[in-house]
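Enquirer: model this:
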Amino acid sequence: MLPIKPKLCKEFVQIPLAIGIAFLFLISCQGDSEHDSAMLMRQSVEALSDSTMQGRETGTEGEVRASKWIADHFDQLGLSPKGVEGPLQTFSYKPHPPMQVHGLGDSTKMGMALVNEIMGNNVLYAHQAAKTQFWGVIGAHYDHLGYGDENSLFRGEPKIHSGADDNASGVAGMLELARRFSQLPTGHSMLYAAFSGEEKGLWGSNHFCKSPTVSLDSIRYMINFDMIGRLRGDTLAVYGTGTSPRWMELLDACNSDSLILVPSESGVGPSDHTSFYLEGIPALHFFTGQHPDYHKPSDTADKINEQGMLKIVNFVDRIVRKLNDEPEFLFTATKDQDEESTPRFNVTLGVIPDYLFSGEGMRIDGVSEGRPASNAGMKRGDIVIQIDTVEVIDMMSYMTALSQFEAGQTSAVTILRGGEAQTLPVNWD
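Expert: Down below sits the predicted model:
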């Protein structure tokens, strides 16, 4: 089958008019209140997760609509396109075997096709400062799962996956920083990168790093927003803190809102900061944690915590401005788990781990119906502390335990529920 080549057309600009009007009003105001910032981010999330975007799967009409919407908003800020063709940087990927893609054809119907090549677009804009040699990058992926691609955790008929938290929230945070920095520049050049293909395997950010529109040698740092819309309490995960010896000091100095940070040193993780880290660029990834709506149609805008997003954006605003005062910013490689040392396993419990959990064990943040954990009676909030004879103290020991079993076997899994230990029989499937 011929490759899918998204084309911009007049139909795709028919997006919620009120969102654009509100955006134009707010960018014209000086000294906006925090209430206005929070409102604008919520409206951005609502627009990008609207059903007209069809879940924004890479290579579909929904992705094209979203890319046009994002480009329009950057244009309104007066930023300069920094793609290959205007703001767009097109990339292609040939899945093996060919991939089923939903949301093709007439936008009022759910078409489906088997494709041999998928084409998507990064959306790139910049504010270039005259008196500086270096660049900072703020990135967020805008693609999601469409009507439910191979990464969906939803069991049922194809349905639009709105992706409000994942990752309309990250794009909204990036747009808010772009708006602020366009009014009060950081002192150094800024590149804003809305990546596509992240859900498929970091396609867009990988392509950018192989064919950069800004010299990689001039990029001092990369900051990535991915799922920043569900801040619970004040706990915020920050990945990549070991990619520069200065990150933790800067994070502590800028944390005036007393956020409870859960740092992770590794520069490798399941989001776009990884592509930059692998090129020797210090990179941070901000994340408010997974939840039961992750990769399901229920990840909707009404569940977004815009006040939490505001705290995160304010935090990063302070960090970026301080980075301009850094005479240099050194990169350090982190001790990442390589393929040989990472346990391989053929079974899973069918749960979403709580990556913000800092205690011993593996805390469950979501349970998939019909999978081993659900069948055994496990619930959200349970903490797995042992699988048969293997003690579980963290994610690595959890994966090590899983590597011991095969489908069809039965194990005794010990959990903590309400502080009390229970042992449940688990049948691996």
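Enquirer: which strands and helices sit next to the lengthiest strand in the chain?
Expert: Criterion DSSP state E: the longest strand present in the chain is strand 118-127. Packing contacts for strand 118-127, counted by 3 or more C-beta pairs under 8 Å, 6 or more residues apart in numbering; DSSP states H and E, involve helix 61-76, strand 80-81, strand 88-93, helix 169-183, strand 189-195, helix 203-210. In this view, the C-beta of every residue, glycine as well, is placed from N, C-alpha and C.
Enquirer: cutoff 6 Å now
Expert: helix 61-76, strand 88-93, strand 189-195 (3 or more C-beta pairs under 6 Å, 6 or more residues apart in numbering; DSSP states H and E).
Enquirer: Quickly, which of these bottoms out on average pLDDT?
Expert: The minimum mean pLDDT among the helices and strands packed on strand 118-127 belongs to strand 88-93 (a mean of 93).
Enquirer: what residues does that one touch?
Expert: Under the contact criterion C-beta atoms under 6 Å, 6 or more residues apart in numbering, strand 88-93 has outside partners 83, 117-122, 124, 203, 207.
Enquirer: So which residue is smack in the middle of this structure?
Expert: Nearest to the mean C-alpha position of the chain, by C-alpha atoms, centre = their mean, lies Asp226 at 2.4 Å.
Enquirer: which residues touch the closest residue to that residue other than its chain neighbours?
Expert: The spatial neighbour of Asp226 that comes closest, neighbours along the chain excluded (C-beta to C-beta, 6 or more residues apart in numbering), is Ser271 at 4.3 Å. Contacts of Ser271 were listed using C-beta under 6 Å, 6+ apart, and they are 224, 226, 285.
Enquirer: right, and out of the residues you listed, which lies closest to Leu310?
Expert: Asp226 (17.4 Å; C-beta to C-beta).
Enquirer: Would you map the helices across this structure?
Expert: Applying DSSP state H to the chain gives helices spanning 17-27, 34-48, 61-76, 169-183, 198-201, 203-210, 247-254, 273-277, 306-323, 372-376, 395-402.
Enquirer: quick one: buried residues of stretch 280-292?
Expert: Using 16 or more other C-beta atoms under 10 Å as the test for burial, stretch 280-292 gives 281-291.
Enquirer: nope, stretch 129-144 is what I was after
Expert: Applying a neighbour-count criterion of 16+ other C-beta under 10 Å, the buried positions in stretch 129-144 are 129, 132, 134-144.
Enquirer: and Trp428, how far is that from Ala401?
Expert: From Trp428 over to Ala401 the distance is 11 Å, taken as C-beta to C-beta, to the nearest Å.
Enquirer: who's more crowded, these two?
Expert: A direct count of neighbours by other C-beta atoms under 10 Å for Trp428 and Ala401 places Ala401 higher, at 22 against 17.
Enquirer: Identify the residues contacting Ile387.
Expert: 401, 411, 413.
Enquirer: Let's have these in TSV, adding distance to Glu199 and pLDDT.
Expert: Conversion of the contacts of Ile387 to TSV gives the following (distance: C-beta to C-beta, whole Å; pLDDT from 0 to 100):
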residue	distance to Glu199	pLDDT
Ala401	28	87
Ser411	31	93
Val413	30	96
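Enquirer: Format those as CSV; extra columns: distance to Leu424.
Expert: Putting these into CSV (distance: C-beta to C-beta, whole Å) gives the following:
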residue, distance to Leu424
Ala401, 14
Ser411, 9
Val413, 5
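Enquirer: Among the buried residues of stretch 280-292, which ones are in strands?
Expert: Per DSSP E, strands hold the following members of the buried residues of stretch 280-292: 283-287.
Enquirer: Let's have those in a markdown table, adding pLDDT and distance to Arg417.
Expert: As requested, these are exported to a markdown table (pLDDT from 0 to 100; distance: C-beta to C-beta, whole Å):
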| residue | pLDDT | distance to Arg417 |
| --- | --- | --- |
| Ala283 | 97 | 37 |
| Leu284 | 98 | 34 |
| His285 | 98 | 31 |
| Phe286 | 98 | 31 |
| Phe287 | 96 | 26 |
